[in-house]
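Participant: attaching a predicted model along with its sequence, questions to come.
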Amino acid sequence: AQRVTQPEKLLSVFKGAPVELKCNYSYSGSPELFWYVQYSRQRLQLLLRHISRESIKGFTADLNKGETSFHLKKPFAQEEDSAMYYCALCDFGNEKLTFGTGTRLTIIP
Amino acid sequence: DTGVSQNPRHKITKRGQNVTFRCDPISEHNRLYWYRQTLGQGPEFLTYFQNEAQLEKSRLLSDRFSAERPKGSFSTLEIQRTEQGDSAMYLCASSARHLATGANVLTFGAGSRLTVL
């Protein structure tokens, strides 16, 4: 069974400091991994996906198959980064997206 | 608005009543998903459709829950004989595999919040 673990429920970081949101997964095949974000009073939306190797709003995430991790990083936090962040894994076989429990990131001015 | 639309946005009902939620996906998306989210938890998968076929149902979806997507467009999620434990945000999402990258990116609706008294 696929599982996604986000060990931190809450994370507070000062503005300008580096951010790292942790995500570990359990999956027997080749995973497709994503980070979704939910800003206050907005819908859940895609932030980035590992398949694209992209940087969105300064965030990057590298898939480490050896450590089964997909941590989200940003070198310099901004106040507008405050939000709920969810790591998610898609099963290629059945297209089901499994979410972690989320991390609430608060950027301290 | 070309996004995913969900109705009603809020529903308050008494225990034992039936409720129905509707989801209108992005028109060109062939996949439609239902998730449930409670306070402090991530979205939990309930079921998903490819066109009109319901391909997977979570064991969270008891026999009081039924979802349909009769013409492969909009979908309904009905909860019969509601219980207080059904109180949650019910999220709908739709997707289609990206032709170039093959990625399956879900677009979510705003959700339907159910409160069972």
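Facilitator: Received the coordinates, thanks.

Participant: residue in chain B nearest to chain A?
Facilitator: Relative to chain A, the nearest point of chain B is residue B:42 (3.7 Å; C-beta to the nearest C-beta). For glycine as for every other residue, the C-beta is placed from the backbone atoms N, C-alpha and C.

Participant: contact partners for that residue?
Facilitator: Shown in contact with residue B:42 (C-beta atoms under 8 Å, 6 or more residues apart in numbering or on different chains): A:4, A:6, A:86, A:99-102.

Participant: swap in 10 Å and give it another go.
Facilitator: Counting by C-beta atoms under 10 Å, 6 or more residues apart in numbering or on different chains, residue B:42 makes contact with A:4, A:6, A:36, A:44, A:84, A:86-88, A:98-103, B:35.

Participant: point out where chain B drops to low pLDDT.
Facilitator: B:1, B:98-102 (pLDDT under 70).

Participant: and the residue positioned nearest the centre of it, how far from residue B:60?
Facilitator: Centroid-nearest residue in chain B, with C-alpha atoms, centre = their mean: residue B:34, separated by 2.8 Å. Distance of residue B:34 to residue B:60, given as C-beta to C-beta, to the nearest Å: 10 Å.

Participant: spit out the residues that contact these two alike.
Facilitator: B:44-47.

Participant: check those one by one and keep those near chain A.
Facilitator: When contact is defined as C-beta under 10 Å from any C-beta of the partner chain, those meet chain A at B:44-45, B:47.

Participant: number of residues surrounding the closest residue to chain B within chain A?
Facilitator: Nearest to chain B in chain A, going by C-beta to the nearest C-beta, is residue A:99, at a distance of 3.7 Å. Each residue near residue A:99 was counted by other C-beta atoms under 10 Å in any protein chain shown, and the total is 21.

Participant: got the phi/psi numbers for it?
Facilitator: phi -100, psi 150 (degrees, to the nearest 10).

Participant: same deal with residue A:104?
Facilitator: phi -90, psi 110.

Participant: for stretch A:80-93, buried residues please.
Facilitator: A:81-91 (16 or more other C-beta atoms under 10 Å in any protein chain shown).
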